[in-house]
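Novice: Dropping the sequence and predicted coords here.
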Amino acid sequence: MGKTSLPDAAKIKDELLKVYPTKVKRKRSKHITVISPEKEGDSIQANVRTVPGIITQRGCCYAGCRGVVLGPTRDIVQIIHGPVGCAYYSWLTRRNQTRPKSADAPNYMTYCFTTDMQEEQIIFGGEKKLKQAIQEAYDLLHPKAIGIFATCPVGLIGDDVHQVSREMSRELGINVFGFSCEGYKGVSQSAGHHIANNQLFKHVVGLDDEPIAGKYKINLLGEYNIGGDAFLLEEMFAECGFTLVSTFSGNSSYDDFCKSHNVDLNLVMCHRSINYMAEMMQAKFGIPWLKINFIGAQATADSLRIIARYFGDSELIDAVEKYIAQEMPEVEKAQAELRPRLEGKLALLFVGGSRAHHYQELFKEIGMKVVGAGYEFAHRDDYEGRKVLDGLEVDADSRNIEELKVEKDNTRYQARLSAEKKHELEKQGITLNHYEGMIPSMEKNTLSIDDISQFEQEKLLELYKPAIFCAGIKEKYGVQKNGIPCKQLHSYDYGGPYAGFRGAINFYREIDRIINTRIWKLIDAPWKEEEQIRADFAAS
Amino acid sequence: MKMQTTAPSHTATSNPCKLCSPLGACLVFKGIKGALPLLHGSQGCATYIRRYLISHYKEPIDIASSNFTETTTVFGGKNNLTNALKNICTQYTPELIGVATTCLSETIGDDVPQYLREFKSEQEPNARLPHIVPVSTPSYQGTHMDGFHAAIKSLVTYFAAPLPRTQRVVLFPNMVSSADIRYLKELLADFALDHIILPDYSCTLDGGPWDGYQKIPSGGTSVEDLAKLGGFAFAIELGRSPAGQESASAYLEHKFTLKRYTTGLPIGIQATDEFMQILETISRQSPPQAIREERGRLLDAYADAHKYCFEKKAVVFGEADMVAAMAGFLLETGIIPVLCATGSHNGILKAELEKLSCQSGRSLEVREGVDFEEIHDISRKLKPDFMLGNSKGYSIARKLGIPLVRVGFPIHDRIGGQRILHLGYRGTQQLFDRIVNTIIENTQAQSPVGYTYM
C-alpha cells in the first residue's frame, strides 16, 4: 500500500463502533482518536474501567505489582498471599532475564511461593498461614528481603499484610514489606505499578547511604529486561563511561535499589509504570529525571546525546559520540539491506504503556508505516504528554490508589542542577521531568486506540490488512488465524534483545523474516480456487 | 508393594503443582459449540487464565469478565454480571455463556444462580437469550481439575431432561489434549457408536487458519446434543471422581437410568484393553482390524525396547488421573514410577496406585497435595532417570540433570502441547517411543564414546 492510498482513519473509526449498543459506543468513541495534521488538540480517554463483557487485554492490579515491577528482581523473595491461581499464573511468565553478579549470588526468580489459601483461611483468616509461609521461605533461602503480595480475597477477609510484614521483619531481622495489590483495585495493572513504586520507595530506596564510586551516576527506570534488553543497555552505559547504579527493575537486585538514591540522574524508559518513582526520588532526594528511549537506533543516539549534555562534560560527550559512531555503520547497513523488502508496509501496535510508542521508532527506521497504535493500560499523559496532568479527572478507581506525600529529605536532599544550568538545558530543548507522550510522534490520518477490544482488533485487521500486528500472547494466535503475523512485544516470542543499536538490528531482521516468510503464501489450498469456480458455475 | 505416603512437610506452597479451579471450568466451556466463558470477578482472572491456556494451546482463547471494581466488592456483583451478559450477547451472539465464579465473588457471597434468574426475568419476554450455565469455582477449593469436573456437571444438570430413550453415548474424556479428543471420536466412530464428547475442544483449541473472522471458533459439543442427554443410553467416564462427589455420568445414571461405565485414562495396554471392552460391550462389536493392529504394534514395540527400559526410574507428576494412568503404563514396560505426585488432595491418586500395587512388588512413593519443592526434595533421594509430566517440572529436571518427557498440561516451553496424543494403543505407542528414545538419547549423550548403533 503506497503513501497515498491509506484508508480514511475516521471512516475506520466509524466501522469499529458500528456494532456497539449506544451507551458502549459513546464510551468507546472517546478511546479512539483520529490523529489530526496539527495533533495539538488530539485528546483521548484512557485509564478508565473496561466495560464488563468487553474482552480486554488488560490485567489486574496484582499483575502490575507482582508481575511487572517486582517480577524482574531476582533477590527479593516474593510470596503471594491468596489462592493458588494468581501465584501460578505469574510464575516466570514475563520472560524477564537476570544475571546474578556472582555464581553464588541468589536468584529466586524461578521460585513461586504462595500461601495457597484454602476455605479455612477465607473463613478464619490467613495471617497465621502467611507468617508460616514467610518463616518457611526464610528457612529455605535466607533472603535479605521478602515482599508479600495480596490477592483479591485478602483485602476482603481483613488480613493485614503490612502488620504481618512488620512482625516478621522484627522476628527475622530482615526487610519484609507488603503490597496491598488486590486484583480488583484500580483500572488495570497500572494501579499495581503505582502500588509497587510506593512500597519500594517507602521500604527499600534510600536504605544504603554508602557513597558510590564512579562518574555520571544514573538509574535506569522502567526497563524490565525482556529478552535481555537490559544486558545490552548495561554494556552500552559501561562503554560510554556511565555508572549505572540500579535498574527498576530489569536485572536488578535489592542492594542496587537500596543505594539508588545516590545518583545524579534518573532515566525513564516506561513512563507509565515508573514515573511515580522518578517523581518521588526528585521530591525527596532532588534527583531530576529525563524521559529517554533506547528502542530504535536513532532514538538511542538521541537519548545518549541528551544525557551527555545533561552532564555537560566534554569527556562524556566525546565518549558518547565515539560510541554512536562505532555502532551506527552496522545499523545503517542493515537498514539499507532490509528497507527495500519492508518499505511502505503497514504495522499496528497495541501493547503496554510505553512500547506502542517506543517501537514506532524501529518500524520507521525500516520504512514501515504505523497506522494504529494504542496502549493497554496507559493514562492520558502517556498519549498526550504530561501537560494534561493538571487537568486530569481522577475517578473512583484511581482515587483509591494511595498517592504518597513525599517531602524533602533534610539531610540527603541535594539539588543536582542550578537554576541557570536548568535554564541552559531548556534552551537546548532538553526538558527535565517531562514526557511528550505518544500522539505527537504519530502521523496524521492514523489511529490511536486505548484499551482496544478483541472485537475492534479483528475489525482493524480486516480493514487495514497490515503486514504485521504487534501485541501480546492473548492477541497473537487470533491475529495469525487471519494470515497476518503477530509479534509479541511483551515477551518477544523468545527473541530479542531489541534495545540499543545491536537490538535494533535484531529487530529489523526479525521483522523481515516474519513479514517475508513463505508461510502466509501457503494458506490457500490448491482446490480452493477450483471449488470456487465450481460454486460459481453452479450458481449461474 | 509398599506404598509410602507422607503428609506434606510445609504449610505454604513453593512452586505449586496445581492451578486454580476457574481455569478448568473455562476449558470445559471452550469445548461447547458457540460458547463463551465468563469469569465473575476481577478482570485479572480472565486475563491470566486466557494467557495461560493460550500459552499451552497456542490458539486464540476469549474469556469475558464481569470486571469487579472496589465498589463491586462492597455492593455485590449483580450489576456487573448483568452488563457483562448484555454486552456479550450483542457482540458475540453466543449460544451459551458459561459463568464461572472466582475467589473474589465467592468470598463476598454473590449468588450467581439467583442473579441469572433475575437477569432472565428482566429481559423482554420474546428476547432470544443464550443458555447461561453457572458453575461455582472458588479458587480456594480444590484444583483446576475440580473446576473442570464442576463445569461438566453444571452443563449436564442444566441440559439433561427426561426424553425418550435413544442408543446414543456420551463420553466424558477428562482433561486430555485436543489430539486425544480427536482420537476418541475416531475410536467411537470405528465402533459405529452415535456419540458426543463432553467437552470437545478438539477443534476450538487446535484449528487451522480462518477464512473470515470467527467471533467464536467453530467446533465443540452442540447445545442441541446436550439438550438430548436425558435420552442417552450410555455414558463412559474416563478417570476417577473423588469419593463423595457425584460425577456428571453418575448423575445421569441416577436420574435417567442410563448405563454408566467408568475406567481410568486408557494409557498402556491394560488400561486401553479395559476401555476397548467397554466399547465392545456397548457397541456389541469387536474392535476393527486397524485397532487390533495398533495393539499388536505397541506390544511389538514393548518387546523391542524392554531392555532399554528395565529398572529405569521415573518421577511422574501432574493431574491425579493422568499420573495414575502413566504409572500403570510405565509398570507394564519395566520402568518404575518411583514417585507419583499430584497437587490435588482427594484420594484419587492413592486409590489408583493401591490398585496398581497388587500387580507389582515395587516400593513406590505416592504423594498427594505436593508442590514442586517437595517433588524436588524426594526426587533428589530417589535418583530418577527421567521425569514425566508438564513443563513445570523443567527446573527440577534441569537441577537433577535428567530429561523431562512432556505430557499433560501445561506445556508452554515446547510447541504442540495440544497435539500430544496420550490415549489408546496409538497414543501409548507415541509416548513409549518418545520415552525410550529419551532414555537412549540420554545414554548416548552421556557416553564418552558416542556410539551410533544400538
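Specialist: Nice, I can see it.

Novice: got the contact list for A:Asp256?
Specialist: A:245-247 (CB atoms under 8 Å, 6 or more residues apart in numbering or on different chains). C-betas here are computed from N, CA, C, even on glycine.

Novice: Wait, B:Trp210 touches A:Lys481, no?
Specialist: Yes: if you go by CB atoms under 8 Å, B:Trp210 and A:Lys481 touch, sitting 4.5 Å apart.

Novice: In the stretch 251-400 of chain A, which residue sits nearest chain B?
Specialist: Residue nearest to chain B within the stretch 251-400 of chain A: A:Asn400 (5.6 Å; CB to the nearest CB).

Novice: Count the neighbours of the closest residue to that residue other than its chain neighbours for me.
Specialist: Excluding its sequence neighbours, the residue lying closest to A:Asn400 (CB to CB, 6 or more residues apart in numbering or on different chains) is B:Glu70, at 5.6 Å. The number of residues packed near B:Glu70 is 17, by other CB atoms under 10 Å in any protein chain shown.

Novice: so B:Ala301 is in which element?
Specialist: helix B:289-309 (DSSP states H and E).

Novice: following that helix, which helix or strand comes up?
Specialist: Using DSSP H and E, the helix or strand that follows helix B:289-309 in sequence is strand B:313-317.

Novice: Please list the residues outside that next one that contact it.
Specialist: With CB under 8 Å, 6+ apart as the test, strand B:313-317 has contacts from B:17, B:323, B:326-327, B:330, B:335-342, B:372, B:375, B:378-379, B:382-390, B:393.

Novice: Buried only: go through the residues you listed for me.
Specialist: Among the contacts of strand B:313-317, those classed as buried by neighbour count (16 or more other CB atoms under 10 Å in any protein chain shown) are B:17, B:323, B:326-327, B:330, B:335-342, B:372, B:375, B:378-379, B:384-390, B:393.

Novice: So which of those belong to strands?
Specialist: Among the buried ones among the contacts of strand B:313-317, the ones falling in strands (DSSP state E) are B:336-341, B:386-389.

Novice: of the residues you listed, list those near chain A.
Specialist: Among these, no residue lies close to chain A (CB under 8 Å from any CB of the partner chain).

Novice: B:Trp210 and A:Lys481: which is more packed in?
Specialist: Neighbour totals were compared for B:Trp210 and A:Lys481, and A:Lys481 leads with 21 against 17 (other CB under 10 Å).

Novice: how close does the residue positioned nearest the centre of chain B get to chain A?
Specialist: Centre of chain B computed as the mean C-alpha position; nearest residue by CA atoms, centre = their mean is B:Met175, 1.1 Å away. B:Met175 sits 16 Å away from chain A, going by CB to the nearest CB, to the nearest Å.

Novice: and that residue, which of the three is it?
Specialist: Following DSSP: H, G, I helix; E, B strand; the rest coil, B:Met175 is assigned to coil.

Novice: wait, doesn't it sit right on B:Ala325?
Specialist: No: between B:Met175 and B:Ala325 there is no contact under CB under 8 Å: 12.0 Å.

Novice: neighbours around A:Glu407, how many?
Specialist: Quick note: A:Glu407 (other CB under 10 Å) scores 9 neighbours.

Novice: typo on my end, it should be B:Arg260
Specialist: B:Arg260: 19 neighbours (other CB under 10 Å).

Novice: residues contacting the closest residue to chain A within chain B?
Specialist: Closest residue of chain B to chain A, CB to the nearest CB: B:Gly44 (2.4 Å). Going by CB under 8 Å, 6+ apart, B:Gly44 touches A:59-63, A:86, A:183, A:189.

Novice: And it, how far from A:Glu365?
Specialist: Distance, B:Gly44 to A:Glu365, by CB to CB, to the nearest Å: 35 Å.

Novice: near chain A, which residues of the stretch 251-400 of chain B?
Specialist: Neighbours of chain A within the stretch 251-400 of chain B, by CB under 8 Å from any CB: B:373, B:395.

Novice: Get me the contact residues on the stretch 101-250 of chain A for chain B.
Specialist: Residues of the stretch 101-250 of chain A lying close to chain B (CB under 8 Å from any CB) are A:110-119, A:121-122, A:129, A:132-133, A:136-137, A:140, A:151-153, A:155-157, A:183-185, A:188-189.

Novice: Any of the residues you listed buried? List them.
Specialist: Among those, those classed as buried by 16+ other CB under 10 Å are A:111-118, A:121-122, A:129, A:133, A:136-137, A:151-153, A:155-156, A:183-185, A:188-189.

Novice: Turn the ones in strands among the buried ones among the contacts of strand B:313-317 into a markdown table, columns for pLDDT.
Specialist: Output for these, formatted as a markdown table (pLDDT from 0 to 100):
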| residue | pLDDT |
| --- | --- |
| B:Ile336 | 95 |
| B:Pro337 | 96 |
| B:Val338 | 95 |
| B:Leu339 | 97 |
| B:Cys340 | 97 |
| B:Ala341 | 98 |
| B:Phe386 | 98 |
| B:Met387 | 98 |
| B:Leu388 | 98 |
| B:Gly389 | 98 |
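
Novice: between those residues, which is closest to B:Tyr158?
Specialist: Distance to B:Tyr158 across those (CB to CB) is lowest for B:Gly389, with 33.7 Å.

Novice: Can you spell out which residues form a bridge with the closest one?
Specialist: Here B:Gly389 sits in beta bridges with B:Arg406, as judged by DSSP bridges.

Novice: That one contacts B:Pro337, doesn't it?
Specialist: No: between B:Gly389 and B:Pro337 there is no contact under CB under 8 Å: 10.9 Å.

Novice: show me the contacts for the closest residue to chain B within chain A.
Specialist: Of all residues in chain A, A:Cys60 sits closest to chain B, with a separation of 2.4 Å (CB to the nearest CB). By CB under 8 Å, 6+ apart, the contact set of A:Cys60 is A:183-184, A:188-189, A:192, B:42-45, B:47-48.

Novice: What residue, apart from its backbone neighbours, is nearest it spatially?
Specialist: B:Gly44 is the one closest to A:Cys60 (CB to CB, 6+ apart), at 2.4 Å.

Novice: For the one you found, pull up the helix or strand it's in.
Specialist: Using DSSP H and E, B:Gly44 sits in helix B:43-57.

Novice: still on that earlier bit, I'd like to know which of the contacts of B:Gly44 are part of helices.
Specialist: A:61-62, A:86, A:189 (DSSP state H).

Novice: Mind picking out the helix or strand in chain B with the poorest mean pLDDT?
Specialist: Across the helices and strands of chain B, the lowest-confidence element by mean pLDDT, DSSP states H and E is strand B:3-4, at a mean of 63.

Novice: right, and the helix or strand after that one?
Specialist: Following strand B:3-4 in sequence, per DSSP H and E, is strand B:13-14.

Novice: Run the chain-centre distance for the helix or strand following that following strand.
Specialist: Toward the C-terminus, strand B:13-14 is succeeded by helix B:21-29 as the next helix or strand (DSSP H and E). Helix B:21-29 has its C-alpha centroid displaced from the chain centroid by 10 Å (CA atoms, centre = their mean, to the nearest Å).

Novice: Where does pLDDT dip in chain B?
Specialist: B:1-9 (pLDDT under 70).

Novice: Counting neighbours, which bits of the lengthiest helix in chain B end up buried?
Specialist: For chain B, the helix with the greatest residue count under DSSP H is helix B:424-446. Neighbour-count burial for helix B:424-446 flags B:424-429, B:431-432, B:435-436, B:438-439, B:442 (criterion: 16+ other CB under 10 Å).
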